[in-house]
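Asker: coords please:
(chains A and B)
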Amino acid sequence: MGSAGAGTSGQRSSRAGAGLPARARRWTCALLLGAALAAGPGAARAYDFVLTSRTIGQGYAERRYGAGGGSELLTRRRLTQYLNLSVFGIEPDHWHGPDADRNLISFEVAMRFDGDFGTYLTRRPSSPDAIGELQQSQVDILYAYLLARDVGGHLDVQLGRQLHYDLVDFYSFDGVDAQAHIGRFVTAQAFAGTEVRGDMPLSAPIYELDGTSSGSRDPATRPEQSSAWRPMVGAALALGDTLRSWPAELRVAYRKAFSDTVDPRPGDPGSGVNHESVSMTADARFRDRLFLSAGARYNLLVAAWDDQQASLRWRIGARHALSAEYSYLAPTFDGDSIWNIFAAGAYRDLRASYDVELTARWRAHVRGFYRLFVDPPGTPAALADAMPGGHDAYGGNAGVELRTVRGRARADGYAEGGAGGWKVGGDLSAYWNIRPNLFDVEGRLTATAWRSDDVPQPQDAFMVGGGLGCVYHLGRKMRVHFLGEDNSGTYYRAQVRGLAILEMDVTL
Amino acid sequence: MTDRGARSLAFAGAAALLALAVAPGLRVQAASPSQAPTPVAVGDPSPVVYPPPTLPLAFDHARHAQRGVTCQRCHAAAVKSLSAKDSLLPTEDTCRPCHDIDRAQPAKVVAPGKPAARCDSCHPGFMPPPGDAGRFAAPPGVVIPTAALKFNHKLHAERGMACALCHAGVENVGLATTAEMPKMALCLGCHDGKQATARCAACHVTLPDGRLRTAFPTGALAPSGSLRGNDAHTAAFRTEHKVAGRDERYCATCHKQSECMDCHGAGVVKPADFHPGDYATLHAVDAKRNNPNCASCHRNQTFCLGCHQRLGVAADPEGGQLGRQPNNPFGTGTAVKRFHPPGWVRDETGMVLQTPTPASHSFQARRNIRACVSCHREESCLNCHSADPARSMGANPHWPGFGSSAACRAMASRNARACLKCHAPGAPELSCN
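Answerer: So this is what the prediction gives:
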């Protein structure tokens, strides 16, 4: 047990699937092979391809608190490469049906390499000092799936690494998802697969629940559990469709992820649930003027509602719209985490906004929010009242935007206060096409002042900054983007950031 | 600030407010009435779908309609048109049966009551000198850009749809502009999935991969909110689209999922309208107040914790080089502690606090534990809160009544592994009684 804790972090920092040996690699290879077979020109047909490449280089500095209380700057250098491939038109044309909308088969893959270089506090940590949570030079498959849409006019099937979302849920898995459209108003969905987690090969942890950490060295936290496969299953039933003639839609969904216990100890359960929830969303519209949406998620793992949302939007004429939103959020974590015990508080938010089209080119908006912290049961009122920032937070922002064929410009201002501190600031930004399809410029000015409470005493600071950039169109679908930014304020006289992006789209 | 400065500021502010107040009444002004595109007003159909035409003409649809001229008489090609790219404008030959046009007589006078035949009666300001017709300078050209739509006039005409059904009000105006073009809400009256297809791509121009094309020379096509309300791509949409984004299939009509992941996958390029410059310094305020918002793009225990450890904001309490440094600025277990205030865990005598205070960590952890986990792993908590007497003092983190709650039973029955991180197997607490 003790050795497992000490060694795991180093193994994970090397990523390469040390925690997921042969089986993981076999699955990965199978997935890639399946994708390649699906995308490959196996028949004498002219598939359509869109290949998008984006290369991003960044250089900047970040502040750390120096040992004497002052600031020090640590440099950062990052190289990120996105590569997306879409293959479509895989199916024969005669499959399409009379409206050319059936049996559409496509393949989508998005990959990312992210290399994060630069200086460290003292030296680059290495095992066993490596920071397990800090990903360096990692290749991820963000998603890769084969999609068959409107099969027979009734079925959508998606196979591979995929991500899904609705009003109260967001998840990613490797597996299969099927949605059957039954009649005009009923859609049934079912899916099964394994949750995408950072400890899997070629996987990013971005959709993984917080709560457990692959960098942990403490055997009591059971870090070995991070390497377990997590099967995920779910189903949903939807009625109605706001796109069509029904003015309302209702959807009920269930999702569960679980895992076997790795290296079980005496008294351990054989398996455990990592996430289990039932969620409901509903939408309705009235006379194309009033739109209502609501959603709620009941987390079966902690026997509590952990997400509730409701919104109303009212379009007033062609130019005005009012929105109001309510949300309740109670933080929940991975079922393996002890933090589901600690997280007893919740948030209630009220938000309102007003949008107006001043002219066909000018738009403006005003927004405000109020957040109430719902204190844990048993919290003495006197204690809560004495908290820095109190029980609540509030703020608002306003902005005006100009959009023309050649560019856009906007001005924004904001102010917030309450728990956490206060901040006020504003932005001016513009993007302008100097010569069509050749040269664009952009600029931004920003100023912010803030007070962060309780660290350990309130800290006041201000910052002003500016950025200037340009986009040069090397060709019809090839652009290079340069951006320079400099900030100055309480903590710096100058903080320079440089960014260059090369974008290419290839359609075959 | 001086009085003069204050007055200048007040004047500038008043001028800005006045400009905002007046702005709604403004229309886009043409540089030259005869050569510039027709202005587009709020409420008109989208100028992206229907680019503003240039109509240097004098024409009165209302007068023609009153005299019984049917739509088809001038726009005969419309009922046969298969594409929005077709030109359906009448030519001079269409006008000649009524207008006795003679190019050799630009200023030709006709009998009272007869349709005008002068050039400038239809082409304002155009009056070439008399001469051979072939030598005439051409009148200012009419430019009607192709609509960014697929449209089959023939199909609609064959189904008995009258012109005025889509071009309502054209019989009451002079020049027809984009204001007389149909809006999407009208189309959806029939395209409801029952009478006619509700597929967006049935009318909207698509990319090779089937998604709607949204980039046009006249601007970007985006939902106005008429379809779903919250889908209106307002100026704040990039930061406030949770409700609009509830339907992934609807979003996929125009967007690839990689666009979602530019931000929600902890994208490497921060959108300028999300975070101001040097947000890394400013973010502490948001982390305390708005952490649920942060978590929509960033996983605390990788994105936040990794960076905090790298910068030395968070020490690795369980070992590692950073945590072992005696003067680590934020080091757990060291003499230097600047991140958390005095009284965070211990009182001034060094004793662990037994009763929460406004400055102690317990209250903050319960209110906003997401802020804690951006620096700490579970072991930080276990050091004091574990029920293992060999490891910690056993401070109970459960809220009052937890032991007999449904939450206790749910957690214990669904995943006892979390319980066993603190409690011994078989411990009576695990029964939730």
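Asker: Without its sequence neighbours, what residue ends up closest to residue 76?
Answerer: Picking chain A for this. In space, A:Arg76 comes closest to A:Gly118 once its chain neighbours are excluded; the distance is 4.1 Å by Cβ to Cβ, 6 or more residues apart in numbering or on different chains. Just so you know, the C-beta spots here come from the backbone N, C-alpha and C atoms, and that holds for glycine as well.
Asker: not quite, I wanted chain B
Answerer: Spatial nearest neighbour of B:Ala76, chain neighbours left out: B:Thr94 (7.7 Å); criterion: Cβ to Cβ, 6+ apart.
Asker: Wasn't the one you found part of a strand?
Answerer: No. Assessed with DSSP: H, G, I helix; E, B strand; the rest coil, B:Thr94 is helix; it does not lie in a strand.
Asker: If I follow the layout properly, it ends up in contact with B:Cys74?
Answerer: Yes. Checked against Cβ atoms under 8 Å, the pair B:Thr94 and B:Cys74 is within contact range at 5.5 Å.
Asker: Which one of those two is surrounded by more residues?
Answerer: B:Cys74 (19 against 15; other Cβ atoms under 10 Å in any protein chain shown).
Asker: Got phi/psi on the residue lying farthest from the centre of chain B?
Answerer: The C-alpha centroid of chain B is most remote from B:Ala111, which lies 58.5 Å away (Cα atoms, centre = their mean). The phi and psi values for B:Ala111, taken as degrees, to the nearest 10, are phi -60, psi 150.
Asker: quick one, what contacts the residue nearest to A:Arg76?
Answerer: The contact partners of A:Gly118, by Cβ atoms under 8 Å, 6 or more residues apart in numbering or on different chains, come to A:Leu74, A:Thr75, A:Arg76, A:Arg77, A:Arg78.
Asker: same thing with B:Ala202?
Answerer: Neighbouring residues of B:Ala202 by Cβ under 8 Å, 6+ apart: A:Asp99, B:Lys150, B:His191, B:Ala196.
Asker: Show me just the buried residues among those residues.
Answerer: The neighbour-count criterion (16 or more other Cβ atoms under 10 Å in any protein chain shown) marks B:His191, B:Ala196 among the contacts of B:Ala202 as buried.
Asker: Number of residues surrounding residue 240?
Answerer: Just so you know, I chose chain A. Per other Cβ under 10 Å, the neighbour tally for A:Gly240 reads 20.
Asker: sorry, should have said chain B
Answerer: When neighbours are counted by other Cβ under 10 Å, B:Glu240 registers 18.
Asker: next one: A:Asp210
Answerer: Neighbourhood size, A:Asp210 [other Cβ under 10 Å]: 24.
Asker: wouldn't it be in contact with B:Val373 here?
Answerer: Yes. Counting by Cβ under 8 Å, A:Asp210 does reach B:Val373; the two are 5.9 Å apart.
Asker: Which neighbours do these two have in common?
Answerer: By Cβ under 8 Å, 6+ apart, A:Asp210 and B:Val373 have these common neighbours: A:Trp339, B:Asn300, B:Gln301.
Asker: Quick one: which of these is the most crowded by neighbours?
Answerer: When the shared contacts of A:Asp210 and B:Val373 are compared by neighbour count (other Cβ under 10 Å), B:Gln301 ends up highest, at 31 neighbours.
Asker: where's A:Leu372, which helix or strand?
Answerer: Assigned by DSSP states H and E, A:Leu372 belongs to strand A:362-374.
Asker: now for that strand, which elements pack on it?
Answerer: strand A:346-357, strand A:392-403 (3 or more Cβ pairs under 8 Å, 6 or more residues apart in numbering or on different chains; DSSP states H and E).
Asker: okay if I get the ones you listed as TSV plus mean pLDDT?
Answerer: Listed next are those as TSV, based on pLDDT from 0 to 100:
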stretch	mean pLDDT
strand A:346-357	93
strand A:392-403	92
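Asker: Make CSV out of the ones you listed and add distance to A:Ala220 and mean neighbour count.
Answerer: What follows is the helices and strands packed on strand A:362-374, written out as CSV (distance: least, Cβ to Cβ, whole Å; neighbours: other Cβ atoms under 10 Å in any protein chain shown):
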stretch, distance to A:Ala220, mean neighbour count
strand A:346-357, 28, 18
strand A:392-403, 35, 18
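Asker: To B:Val79, which of those lies closest?
Answerer: Proximity to B:Val79 (Cβ to Cβ) singles out strand A:346-357 among these, at 35.5 Å.
Asker: Give me the angle between that closest one and strand A:362-374.
Answerer: Counting by axes from the mean of the first three to the mean of the last three Cα atoms, to 10 degrees, strand A:346-357 points 170 degrees away from the direction of strand A:362-374.
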